[in-house]
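**Student:** Please work out how this folds:
(4 chains)
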There are 2 protein chains.
Amino acid sequence: MLPENTRRSLPMALLHAREAVMARFRPMLAAHDVTEQQWRVLRVLSEAGPVEATELADRASVLPPSLTRIIKALEGRKFITRNKAEGDGRRVVLTIAPAGSALIDALSPERRVIYDDIEQRFGHEKLEQLLDLLESLIDGES
Amino acid sequence: MLPENTRRSLPMALLHAREAVMARFRPMLAAHDVTEQQWRVLRVLSEAGPVEATELADRASVLPPSLTRIIKALEGRKFITRNKAEGDGRRVVLTIAPAGSALIDALSPERRVIYDDIEQRFGHEKLEQLLDLLESLIDGES
DNA sequence: CGCATGTAATTAACGCGTTAACTACAACAA
DNA sequence: TTGTTGTAGTTAACGCGTTAATTACATGCG
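**Tutor:** Prediction:
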């Protein structure tokens, strides 16, 4: 059955929900002049150590063309370093730099506060339930 | 508590879920050379009749600057018409044109099939549950 | 070796999201 | 009427998503 109104449309609901959640994080990122995607890339590099570009794009949920641009921006600000892989001239290895780690450390507490607040307002049970449903939806469609 | 892995992160989950759902609709829209946002604007105009730009942007969940670009594109293809409102030289009234209605009619059946398929695979109950949770999340954060 | 095929990354082109600035017009008060 | 304030819409600038094309290198086959 087609959704009768746009508010009960799944794509719309997902769009609005993400928008509502991200609105809480955006000011924090903007204050440090980092985009949401740059932040995801930095987090992956911080947690996973040196990683090749393809895996980084996959983990950070960023498309390869976007990753190329993000790498340029982050490298220009000395947040990461970019090197060719030994033994394969095509591959590129990215590593977080001290300035990048410093940014992660600076923002993590604030990030935790925001996430906790969302979880508290929405409810722990409902959050787990929502995450389960989303995971199921993703697996079913992919 | 911070999400330990990115797969259980709410922003990520919402992003992936929407991506998974939209992947089903994208080929249909691409085949007719219409973007997702242009499609939303057309649908609103089709269902609600002539509407002013501000209300249209709100209903279609598109920001004003984007709407300006979308209007240009749709007007250029004769899908909609654009007129100044009587009595207020600032306001703009958008109306769907025959070619626009024809596109709506042409795509609606296919859209229904895709939506039904998603609902069947995911489950009617779970879909309703998910929509309820998303609505609650949106209301709680906004 | 030489050539075809495959893969990693980049570039290009276009549209939208986002924020801020700007234009045009309306409403209202002095 | 004039000047101020407010509103609707547009423009600008920058970054990302998306798709397709392109470059650089690796692999494998003859």
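**Student:** Can you tell me the element the residue nearest in space to the middle of chain A falls in?
**Tutor:** Note on chain A: the residue nearest the mean C-alpha position is A:Arg40, at 3.3 Å, using Cα atoms, centre = their mean. Using DSSP states H and E, A:Arg40 falls within helix A:36-48.
**Student:** quick check, distance from that helix to the centre of its chain.
**Tutor:** In terms of Cα atoms, centre = their mean, to the nearest Å, the centre of helix A:36-48 is set 7 Å apart from its chain centre.
**Student:** Stretch A:70-82 too?
**Tutor:** Worked out by Cα atoms, centre = their mean, stretch A:70-82 lies 16 Å from the chain centre.
**Student:** touching chain B at all, that stretch?
**Tutor:** No - Stretch A:70-82 lies out of reach of chain B by Cβ under 8 Å from any Cβ of the partner chain, never closer than 15.7 Å. The way it works is simple: take the backbone N, C-alpha and C, and place the C-beta from them, glycine included.
**Student:** show me what contacts A:Cys17?
**Tutor:** No Cys there; residue A:17 is Ala. By Cβ atoms under 8 Å, 6 or more residues apart in numbering or on different chains, A:Ala17 lies in contact with B:Leu14, B:Leu134, B:Leu137, B:Ile138.
**Student:** list the contacts for the third one?
**Tutor:** The reference is to B:Leu137. A:Ala17, A:Ala20, A:Val21, A:Phe122, A:Lys126, A:Leu130.
**Student:** Filter those down to the ones in strands?
**Tutor:** The members of the contacts of B:Leu137 all map outside strands under DSSP state E.
**Student:** Of those, which is the most crowded?
**Tutor:** Sorting those by how many neighbours each has (other Cβ atoms under 10 Å in any protein chain shown) puts A:Ala17 first, at 26 neighbours.
**Student:** For DNA strand D, see how far away that residue is.
**Tutor:** 16 Å (Cβ to the nearest atom of the strand, to the nearest Å).
**Student:** Pull the residues that contact the top strand by length along chain A.
**Tutor:** Ranked by residue count and defined by DSSP E, the top strand of chain A is strand A:88-96. Identification of contacts with strand A:88-96 by Cβ under 8 Å, 6+ apart yields A:42, A:45-46, A:49-54, A:56, A:71, A:79-85, A:104.
**Student:** Any part of that strand near DNA strand D?
**Tutor:** Yes - Strand A:88-96 lies within reach of DNA strand D by Cβ under 7 Å from any atom of the strand, at A:Asp88, A:Gly89, A:Arg90.
**Student:** That strand vs helix A:36-48, what angle?
**Tutor:** 90 degrees (axes from the mean of the first three to the mean of the last three Cα atoms, to 10 degrees).
**Student:** List the buried residues in strand A:88-96.
**Tutor:** For strand A:88-96, a neighbour-count test (16 or more other Cβ atoms under 10 Å in any protein chain shown) marks A:Val92, A:Val93, A:Leu94, A:Ile96 as buried.
**Student:** from the residues you listed, which is closest to DNA strand C?
**Tutor:** Nearest to DNA strand C among the buried residues of strand A:88-96, counting by Cβ to the nearest atom of the strand, is A:Val92 at 4.0 Å.
**Student:** A:Phe79 against A:Ala99, yeah?
**Tutor:** Yes - A:Phe79 lies in contact with A:Ala99 (Cβ atoms under 8 Å); the separation is 5.4 Å.
**Student:** remind me which residues of chain A are low pLDDT?
**Tutor:** A:1-7, A:142 (pLDDT under 70).
**Student:** near DNA strand D, which residues of it show up?
**Tutor:** Counting by Cβ under 7 Å from any atom of the strand, the residues of chain A near DNA strand D are A:35-38, A:61-66, A:69-70, A:73, A:87-90.
**Student:** How about A:Ser101: what's its closest non-neighbour residue?
**Tutor:** A:Ser46 (6.4 Å; Cβ to Cβ, 6 or more residues apart in numbering or on different chains).
**Student:** and the one you found, how many residues sit next to it?
**Tutor:** A:Ser46: 15 surrounding residues under other Cβ under 10 Å.
**Student:** All the strands of chain A, in order from the start?
**Tutor:** Under DSSP E, chain A gives strands at A:51-52, A:80-85, A:88-96.
**Student:** so which of those strands comes closest to A:Arg111?
**Tutor:** Smallest distance to A:Arg111 across the strands of chain A (Cβ to Cβ): 16.5 Å, for strand A:88-96.
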